[in-house]
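1. Sequence plus predicted model, see below.
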2 protein chains.
Amino acid sequence: MRKDSTTAANGGATVHEVARIAGVSAATVSRFLNGTAKVSDEKRQAIESVIEKLNYRPNVLARNLKTGSSRTIGVLTQSLVSGYFADAMAGIDDVLQGTGYAPLIVSGHWHADEEAERIELLIARRVDGLVILSGKLKDAQILKLANRVPIVAFGRQLEGPQAYGFSLDNYWGACEAVEHLILQGHRQIAFITGPADHLDAQARLAGYRDTLAKHKIKESPQLVAPGDFSESGGLLALERLLESGKRFSAIFAANDLTAYGARLALYRRGIRVPEDISVIGFDDLHSSMYTTPPLTTVRQPLFEVGRCLGTAIVKMIAQEPLDLEVPQLSLVVRESVRRVA
Amino acid sequence: MRKDSTTAANGGATVHEVARIAGVSAATVSRFLNGTAKVSDEKRQAIESVIEKLNYRPNVLARNLKTGSSRTIGVLTQSLVSGYFADAMAGIDDVLQGTGYAPLIVSGHWHADEEAERIELLIARRVDGLVILSGKLKDAQILKLANRVPIVAFGRQLEGPQAYGFSLDNYWGACEAVEHLILQGHRQIAFITGPADHLDAQARLAGYRDTLAKHKIKESPQLVAPGDFSESGGLLALERLLESGKRFSAIFAANDLTAYGARLALYRRGIRVPEDISVIGFDDLHSSMYTTPPLTTVRQPLFEVGRCLGTAIVKMIAQEPLDLEVPQLSLVVRESVRRVA
DNA sequence: TTGAAAGCGATACCAC
DNA sequence: GTGGTATCGCTTTCAA
């Protein structure tokens, strides 16, 4: 079009126009904008006033092309509607605020192929870093991806030049939960598992087993029912438990959703919580404070985890040392567990 | 640097490199990539094989700059951790899949200033369209914004050259809820409101009032307690209701969260649901299916709403007619309402 | 159909 | 400190 024009195609002003009117060069305007180098007070004021008058806003797209970065952090979650992941995303969003980075959120829906595909999409959009929340990808795949973009992951241990991952101590958390039950006098403790291929679920099962063993309580296979981290899974599992005929006074659900389902199954049979049976969960979703009764559970500080992840990826991009303070699990005692004789 | 080079700074190939190796011009490669014009079979195959060999991926950043568009849809939500908004976002994400658009999600936290600021950020990032989920901005502000970018909004009626907004019929939904209660024999019906300045909350209150009037039931001011769409608000409101001494057999909560809080307050006092008091909510959050008892409520098809919004914004950007099919509210009868004599 | 070349708007290197 | 100028990698006239 017009080679000599200084007005952007979309009607907005450009660095050149600002420069021309302010009587300086585009380079100087750029320097002022980015604080890349000192600009004399005189010119600085001139530039400032022109920017003001023209209501100039730098074109991010042009900047992105030139710098090769989109000032965007890709976030791979597994579900957009899960309160669990939502908390973590909120934490990421929170720390990213004001850093100039914006999160680009995609969901892998717990499906390795979809995760890989979405990540490619993120990379194609030139994200500067990637945060991976859980998922089914193999560590090796992530490590390979990390050659192309810095990655921080949650729910897996990872260490590499451009990769870092941590999980919370789910084993410890499960031990705490079962210890609590035992301390309240429970001996027949049922467990509803999570998905067998889920690392956290495995750790929680191990914690359950080891804690029983530690207290010389014989584990009964009939007291371990498979669940899938969902309410319906919890409901079904509880029915199976009840039908087994094996008695139990407490249930440890592998996560809160499972506990909700179990609790409903109990309700349907007229079994009271905690008078007849105690229930303990894992996660501490927001709603767990308002279930009837409010759920005793192991709290995952997901918002803090999200903040931690966000901080980490920004540091990693800046090539700074991470030195993170990873938040810890904690037992939240509410009203779904009763002391028994 | 190297003027003659055809390799991108980041190591990836460029159109030029592909062009050179395939023995065609960059323009032709571009045409092939975008289907902008016919490319002879011969050249097409050459290009395809080179792309394959080089594993070439077009640089989105450069394309964005050139086309002036980021192939991104800004989504303004009010909360990243609300199941309510999450459903809508999932719906948007769902329809955007495969359109080439990616959602860029930001939260306004129910704060007009923050909303405006986040929207500016979105516009600065050159989003091609904007979806606004509820919020405190004035319609006029949105209409003005629509001069800069196409906007589709939920939770408000809007109509303009580059703006469209719809809400669901909250008034109707509230009427349905109260009708249901009355049909089950309830006459003393309490209502816990939402925020007074929230359009939907106002409509629900109006529906409550009008339906009582329609059935010649005198409204009692003591039976209307202010809430704020949160569990704690519901809990407090219920205590106030109870303390008023005025009797009631059913509660209509302005939303499900409020119902959860009210339900817990009832539980604390040993009042059974629905045997002693019936409860009905509004929204139908996922968890409402697993509360004890499962909650009777008015369902908002938020996922469908999200799909609708996503479809609308894409069409609006493409300058196509919208002709939307807006999903409707519906009553979901579960177990929290009892028939009384 | 195809290619050459001119930008999109900003950044950054290189001299001065 | 400051300005000229060459890119960043792609799309899109314009001519052929």
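-> Now that the structure is in, tell me what you want to look at.
2. for chain A, which spans come out with low pLDDT?
-> Filtered on pLDDT under 70, chain A yields the residue ranges A:1-6, A:9-11.
3. and with 90 instead?
-> Low-confidence segments of chain A, defined by pLDDT under 90: A:1-12, A:341.
4. got the domain boundaries for it?
-> Structural domains annotated on chain A: A:15-67, A:72-168+A:302-327, A:170-299, as defined by automatic domain parsing.
5. Would you mind putting these into TSV with distance to B:A213 and mean neighbour count alongside?
-> Where you see a C-beta, it was placed from the backbone N, CA and C, and this is true even at glycine. Listed next are these as TSV, based on distance: least, Cβ to Cβ, whole Å; neighbours: other Cβ atoms under 10 Å in any protein chain shown:
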stretch	distance to B:A213	mean neighbour count
domain A:15-67	52	16
domain A:72-168+A:302-327	38	20
domain A:170-299	32	21
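6. among those domains, which is nearest B:R272?
-> Smallest distance to B:R272 across the domains of chain A (Cβ to Cβ): 10.3 Å, for domain A:170-299.
7. Give me the contact status of the closest one with chain B.
-> Yes. Shown here: domain A:170-299 in contact with chain B (Cβ under 8 Å from any Cβ of the partner chain) through A:231, A:235, A:260-261, A:263-264, A:267, A:286-287, A:289-294.
8. can you pull the contacts of the most centrally placed residue in chain A?
-> In chain A, the C-alpha closest to the average C-alpha coordinate belongs to A:A88, at a distance of 3.4 Å (Cα atoms, centre = their mean). Each residue near A:A88 by Cβ atoms under 8 Å, 6 or more residues apart in numbering or on different chains is listed here: A:T77, A:L133, A:F154, A:L302, A:F303, A:V305, A:G306, A:L309.
9. CA atoms only: put the helix or strand hosting it into PDB for me.
-> Following DSSP states H and E, the helix or strand that holds A:A88 is helix A:83-96. Once non-C-alpha atoms are left out, helix A:83-96 reads as follows in PDB (Å, rounded to 0.1, in the frame of the first residue of the first chain):
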ATOM      1  CA  GLY A  83     -13.300 -27.900  40.800                       C
ATOM      2  CA  TYR A  84     -10.000 -29.600  41.400                       C
ATOM      3  CA  PHE A  85      -8.200 -28.300  38.300                       C
ATOM      4  CA  ALA A  86     -10.100 -25.000  38.500                       C
ATOM      5  CA  ASP A  87      -8.400 -24.100  41.700                       C
ATOM      6  CA  ALA A  88      -5.000 -24.800  40.300                       C
ATOM      7  CA  MET A  89      -5.800 -22.700  37.200                       C
ATOM      8  CA  ALA A  90      -7.000 -19.900  39.400                       C
ATOM      9  CA  GLY A  91      -3.600 -20.000  41.200                       C
ATOM     10  CA  ILE A  92      -1.700 -19.900  38.000                       C
ATOM     11  CA  ASP A  93      -3.800 -17.000  36.700                       C
ATOM     12  CA  ASP A  94      -3.300 -15.200  40.000                       C
ATOM     13  CA  VAL A  95       0.500 -15.200  39.800                       C
ATOM     14  CA  LEU A  96       0.600 -14.500  36.100                       C
END
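10. Now do it against helix B:83-96, angle only.
-> Angle of helix A:83-96 versus helix B:83-96, following axes from the mean of the first three to the mean of the last three Cα atoms, to 10 degrees, is 90 degrees.
11. Which strands border the very next helix or strand once past helix A:83-96, and is each parallel or antiparallel?
-> Along the chain past helix A:83-96, the next helix or strand (assigned with DSSP H and E) turns out to be strand A:102-107. Neighbouring strands of strand A:102-107 in its sheet, by DSSP bridges, are strand A:72-77 (parallel).
12. Give me the contacts around the partner strand.
-> With contact meaning Cβ under 8 Å, 6+ apart, strand A:72-77 is reached by A:85, A:88-89, A:92, A:96, A:101-108, A:115, A:118-119, A:122-123, A:125-133, A:135, A:149, A:310, A:313-314.
13. How about whatever residue of the stretch 101-250 of chain A ends up closest to chain B: what's its closest non-neighbour residue?
-> Of the residues in the stretch 101-250 of chain A, the one nearest chain B is A:E231, at a distance of 4.5 Å by Cβ to the nearest Cβ. By the measure of Cβ to Cβ, 6 or more residues apart in numbering or on different chains, the closest residue to A:E231 outside its immediate chain neighbours is A:G261, 3.7 Å from it.
14. roughly how far apart are the residue nearest to the centre of chain A and DNA strand D?
-> The span separating A:A88 from DNA strand D equals 33 Å under the rule Cβ to the nearest atom of the strand, to the nearest Å.
15. what's near enough to touch A:G281?
-> A:A253, A:N255, A:D256, A:T258, A:A259, A:S288, A:L295, A:T296, A:T297, A:V298, A:S336.
16. Quick one: these as a markdown table, columns for distance to A:L329 and secondary structure too.
-> Putting the contacts of A:G281 into a markdown table (distance: Cβ to Cβ, whole Å; DSSP: H, G, I helix; E, B strand; the rest coil) gives the following:
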| residue | distance to A:L329 | secondary structure |
| --- | --- | --- |
| A:A253 | 15 | strand |
| A:N255 | 13 | coil |
| A:D256 | 13 | helix |
| A:T258 | 17 | helix |
| A:A259 | 16 | helix |
| A:S288 | 14 | helix |
| A:L295 | 15 | coil |
| A:T296 | 14 | strand |
| A:T297 | 10 | strand |
| A:V298 | 6 | strand |
| A:S336 | 18 | coil |
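17. from those, which single one is nearest DNA strand D?
-> Among these, A:N255 lies closest to DNA strand D (Cβ to the nearest atom of the strand), at 44.3 Å.
18. any idea how far the closest one is from DNA strand C?
-> Using Cβ to the nearest atom of the strand, A:N255 is found at 46 Å from DNA strand C.
19. residue ranges for the helices of chain A, please.
-> Under the criterion DSSP state H, chain A carries helices at the ranges A:15-22, A:26-34, A:41-54, A:60-67, A:83-96, A:112-124, A:139-145, A:170-183, A:199-214, A:231-243, A:256-268, A:302-317.
20. do you know which of those lies nearest B:V15?
-> Checked against Cβ to Cβ, the stretch from these lying closest is helix A:60-67, at 13.8 Å.
21. and the domains of chain A as TSV, adding distance to B:R20?
-> Putting the domains of chain A into TSV (distance: least, Cβ to Cβ, whole Å) gives the following:
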stretch	distance to B:R20
domain A:15-67	21
domain A:72-168+A:302-327	23
domain A:170-299	47
